[in-house]
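Q: Okay, sequence plus prediction incoming.
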Amino acid sequence: MDITIAEGKLTVLLGPNGSGKSTLLKTLARTLTPSAGHVYLDGQDIHRSNTREVAKRLGLLPQGPVAPEGLSVKQLVGMGRFPHQGLWQKNAHQDAEAIREAMAFTNVTEFADRNVDALSGGQRQRCWIAMVLAQQTDLILLDEPTTFWI
């Protein structure tokens with residue numbers, strides 16, 4: 001398979017259940033290694049690239065993500081900032097602004113201090129989308145993003 005994702009465009013994979021859409025997304029996102037061939041991101045083999053560098057350029061929302069128990073919405077959304085934070089490098093203002101914008105865009109700001117596991121399915125899904133948006137990547141892979149969407 002040879003696929004090129006156009007910049008600034010929405011690309012959708014359609015197919016029946018079990019046709020390999022999720023497997024393809026996992027391979028594109030580097031969570032599965034292809035049995036043959038390569039996946040390139042900006043000309044670099046994604047499976048040979050540094051994980052943090054890939055995460056700065058590519059966000060992934062898998063099907064059915066699970067948050068650790070007791071995690072607040074703000075903490076979950078803040079996890080999207082991980083690729084931008086180093087041991088000695090932190091930009092608290094930039095991180096806070098990215099989190100605020102992502103939460104506002106997905107309309108979850110009012111849930112900021114609530115535990116993710118206390119929310120409805122649709123509310124949780126919006127929180128996960130906010131986390132991926134807070135990552136501020138140019139490319140986002142979403143697997144079944146409208147599941148539970150209200």
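A: Thanks, I have it. Numbering: from 1, shown residues only.
Q: number of nearby residues for residue 91?
A: Neighbour count of residue 91, defined by other Cβ atoms under 10 Å: 12. C-beta: built from backbone N, CA, C; applies to glycine.
Q: typo on my end, residue 74
A: Counted with other Cβ under 10 Å, the neighbours of residue 74 add up to 20.
Q: Which parts of this structure are helices?
A: Taking DSSP state H, the helices of the chain run over residues 21-28, 51-57, 73-78, 92-105, 121-134.
Q: Distance to residue 63 and mean pLDDT added to these, as a markdown table?
A: Shown next, in a markdown table, are those (distance: least, Cβ to Cβ, whole Å; pLDDT from 0 to 100):
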| stretch | distance to residue 63 | mean pLDDT |
| --- | --- | --- |
| helix 21-28 | 6 | 90 |
| helix 51-57 | 19 | 90 |
| helix 73-78 | 17 | 96 |
| helix 92-105 | 20 | 94 |
| helix 121-134 | 11 | 94 |
